[in-house]
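K.L.:
whatever this is, show me its structure:
(one chain, ligands or ions: 2)
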Amino acid sequence: MNAKYTIDGFIHIHTTGDISMNELHDRIGGRFMAMSTDEIREWQSQALARSVAQAAKSPFYSERFKNMGLDPSDIKSWEDITKLPLTSKEDLRLSYPAQMLTVDQEQVIRMHTSSGTTGKPTAIFHTREDIDNWAELMARSLYQAGARSNDVFQNMTGYGMFTGGLGLHYGAERLGMWVIPAGAGNTARHIMLIRDFHVTVIHATPSYAMHVAERMLQEGDDPKSLGIKMAVLGAEPYTEEMRQKLQDIYGFKVFNSYGLSEMNGPGVAFECENRNGMHLWEDSYLAEIINPDTLQPAGEGEVGELVLTTLRRTAMPIIRYRTRDLTRIIADKCSCGCNHRRLARMVGRSDDMLIVRGVNVFPSQIEEVLMRHKWLGGNYLINLSTAAALDQMTVKVEIAKDAFDGSLDTLRSKRGELQKELKEQIGFTAQIELVESGSLPASEGKAKRVIDERG
Ligand code: ADP
Ligand code: ZN
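P.N.:
Numbers count the residues shown, from 1 in each chain. Ligands and ions are numbered 1, 2, ... in the order given. Purely as a prediction, here's the structure:
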């Protein structure tokens, strides 16, 4: 039975009997979770000064600071953040393999690289303490979403360099969950393990979770029969409509999880039980939202590019990293009691934006429309080409299994309505190709949604 305790007035710690309240509190960084807004800012000021001093030990930042005439000891408060230089993905690539490393090689216990979605991957290094802190962030993220040590957790993302594997793994173990490191792919085995070991929590990319569900439906199996309680989904953008569709199919609750390798990986921001934006762990990351064109701070609550600074990483602090992810900060208080501010669902990456016939479109806008329809499946592909010197967009989307009742006319008229709805959303007419369930390439990790064949 779950015991319920209260620590610091508002963080409710539930243990499941095998570990003490104090031990759990330590494991998940309870003292950070329970910080007031003032305590967070005070901590950030000290942590930023430490992080900048540490960064200055790397060849990359020591040179950059010197060129700017910046003395690390000038950074005394979190408000000094704007005195510091921005760091771009290109800077990370230039500093490859190890120009941002600040410690002796013998202190490094692990490295990861990014997935390389947009080019050459970047390498990130960790000391033992860094790995420990990351596991703590992950454990508290899972905890605040409602996962407990008596849950059985199946990790359905790739292990190896991809941070979603070991990142979630260490966090779930730290929380004391029963961890099944199933890894990416092998859908039949995933289904078997979930059933046989009564898995209650899964971690996957939304596109893979959708793929598993559709495979089951095609085989006449019901994803609800798996009995999964919650799904931690992230590593790629997805819409509220995609969340809803997955929840309807599986009967579980989906929690949005955001992270990037440059900031460790998952565990940067995570939804609590209210699921109204992702609490960003402000003791570990200092967040800014900037206008990506002017590089000036965005207005309060405005959407812009998220810029993050590591506050608790030793081997490789990164200062003002331009994530290229577009979101906004939600500053109003969350009723869960956690004072760490929230990030809204990502609109996408700034480099995901498509310019079609002069119109800006995010794949997420298209997904939003497609996922509203129950007769459509969860997999789609956006194809861009040129015909008669004009951009053409074709959206290929799978229809749901059993949605075709034998009448092509009905299907044509549904397609016509969908085309109109899409036009209202994106401002121009796209071709829509309805394809059979299971016929588009399935993803085991991050889905590739766009194929651009324009010259
Ligand atoms: P890469 O940048 O090469 O894809 P990563 O595996 O580090 O390598 O991916 C991090 C990126 O994944 C983030 O910058 C973001 O664009 C995307 N991402 C991660 N989690 C989410 C999420 N919950 N919602 C939207 N995008 C996400
Ligand atoms: Zn909350």
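K.L.:
so what touches whatever helix or strand V254 lives in?
P.N.:
Assigned by DSSP states H and E, V254 belongs to strand 253-260. The list of residues contacting strand 253-260 from outside it, by CB atoms under 8 Å, 6 or more residues apart in numbering, reads 114, 141, 145, 163, 167, 203, 206, 229-235, 243, 246-247, 265-271, 275, 278, 323, 325, 343, 345-346. (C-beta placed from N, C-alpha, C; glycine too.)
K.L.:
quick check: the gap between the spatially most central residue of the chain and D325.
P.N.:
Compute the mean C-alpha point of the chain, and by CA atoms, centre = their mean the closest residue is Y258, 2.4 Å away. Y258 is 8 Å from D325, where distance means CB to CB, to the nearest Å.
K.L.:
so what sits against both of those two?
P.N.:
Common contacts of Y258 and D325, defined by CB under 8 Å, 6+ apart, comprise M346.
K.L.:
domain ranges for the protein, per the record?
P.N.:
Split into domains by automatic domain parsing, the chain comes to 4-38+127-349, 354-452.
K.L.:
quick one: name the residues of this protein near ligand 1.
P.N.:
114-117, 234-237, 256-261, 323, 325, 346, 349 (CB under 6 Å from any ligand atom).
K.L.:
show me where the stretch 51-200 of the chain has its helices.
P.N.:
59-68, 89-94, 128-145, 163-175, 187-196 (DSSP state H, counting those that start in this stretch).
K.L.:
export those helices to TSV and tack on distance to ligand 2 and mean pLDDT?
P.N.:
Shown next, in TSV, are these (distance: least, CB to the ion, whole Å; pLDDT from 0 to 100):
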stretch	distance to ligand 2	mean pLDDT
helix 59-68	34	98
helix 89-94	30	93
helix 128-145	7	98
helix 163-175	18	97
helix 187-196	28	97
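K.L.:
can you lay out those helices as JSON lines showing distance to E219 and mean neighbour count?
P.N.:
Output for the helices of the stretch 51-200 of the chain, formatted as JSON lines (distance: least, CB to CB, whole Å; neighbours: other CB atoms under 10 Å):
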{"stretch": "helix 59-68", "distance to E219": "52", "mean neighbour count": "16"}
{"stretch": "helix 89-94", "distance to E219": "41", "mean neighbour count": "17"}
{"stretch": "helix 128-145", "distance to E219": "30", "mean neighbour count": "24"}
{"stretch": "helix 163-175", "distance to E219": "26", "mean neighbour count": "24"}
{"stretch": "helix 187-196", "distance to E219": "9", "mean neighbour count": "15"}
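K.L.:
which one of these lies closest to E444?
P.N.:
Closest approach to E444 among these (CB to CB): helix 187-196, 8.6 Å.
K.L.:
what packs against the closest one?
P.N.:
Packing partners of helix 187-196 (3 or more CB pairs under 8 Å, 6 or more residues apart in numbering; DSSP states H and E): strand 152-155, helix 206-218.
K.L.:
re earlier: from the contacts of strand 253-260, which land in strands?
P.N.:
Among these, the residues falling in strands (DSSP state E) are 203, 230-234, 265-271, 278, 323, 325, 343.
K.L.:
name only those of these that count as buried.
P.N.:
Neighbour-count burial within the ones in strands among the contacts of strand 253-260 applies to 203, 230-234, 265-271, 278, 323, 325, 343; the criterion is 16 or more other CB atoms under 10 Å.
K.L.:
confirm for me that D222 is in contact with M216.
P.N.:
Yes. Between D222 and M216 there is a contact under CB atoms under 8 Å: 7.0 Å.
K.L.:
show me which of the two is the more surrounded one.
P.N.:
M216 (20 against 12; other CB atoms under 10 Å).
K.L.:
mind checking pLDDT for G9?
P.N.:
What the model reports for G9 is a pLDDT of 40.
K.L.:
for E421, same thing?
P.N.:
pLDDT for E421: 98.
K.L.:
tell me the contacts of it?
P.N.:
V369.
K.L.:
try 10 Å this time
P.N.:
Neighbouring residues of E421 by CB atoms under 10 Å, 6 or more residues apart in numbering: 369-370, 372-373.
K.L.:
what's the answer for R342, then?
P.N.:
With the criterion set at CB under 10 Å, 6+ apart, R342 makes contact with 269-272, 274, 276-280, 327-334.
K.L.:
can you tell me how far it sits from T327?
P.N.:
Using CB to CB, R342 is found at 10 Å from T327.
K.L.:
what residues are shared contacts of these two?
P.N.:
What both R342 and T327 touch, as defined by CB under 10 Å, 6+ apart, is the set 269, 277-278, 280.
K.L.:
just to check, C334 is in contact with L280?
P.N.:
No. If you go by CB atoms under 10 Å, C334 and L280 don't touch, sitting 11.6 Å apart.
K.L.:
so if I had to pick from these two, which one is more boxed in?
P.N.:
Between C334 and L280, counted using other CB under 10 Å, the more crowded position is L280 (22 against 18).
K.L.:
just give the closest residue to the more buried one, not the sequence neighbours.
P.N.:
Leaving aside its sequence neighbours, L280 sits nearest to A269 (CB to CB, 6 or more residues apart in numbering; 4.2 Å).
K.L.:
next, the contact list for the one you found, please.
P.N.:
Counted by CB under 10 Å, 6+ apart, A269 has contacts 137, 141, 234, 256-259, 263, 277-282, 285, 287, 306, 308, 327, 340-344, 346.
K.L.:
tell me the contacts of E106?
P.N.:
Applying CB under 10 Å, 6+ apart, no residues contact E106.
K.L.:
just give me the longest strand of the chain.
P.N.:
Criterion DSSP E: the longest strand present in the chain is strand 376-387.
K.L.:
what about the residue nearest to R357 when sequence neighbours are not counted, distance to ligand 1?
P.N.:
In space, R357 comes closest to D391 once its chain neighbours are excluded; the distance is 4.9 Å by CB to CB, 6+ apart. From D391 across to ligand 1, the span is 24 Å (CB to the nearest ligand atom, to the nearest Å).
K.L.:
before I go, just wanted to say thanks for your time.
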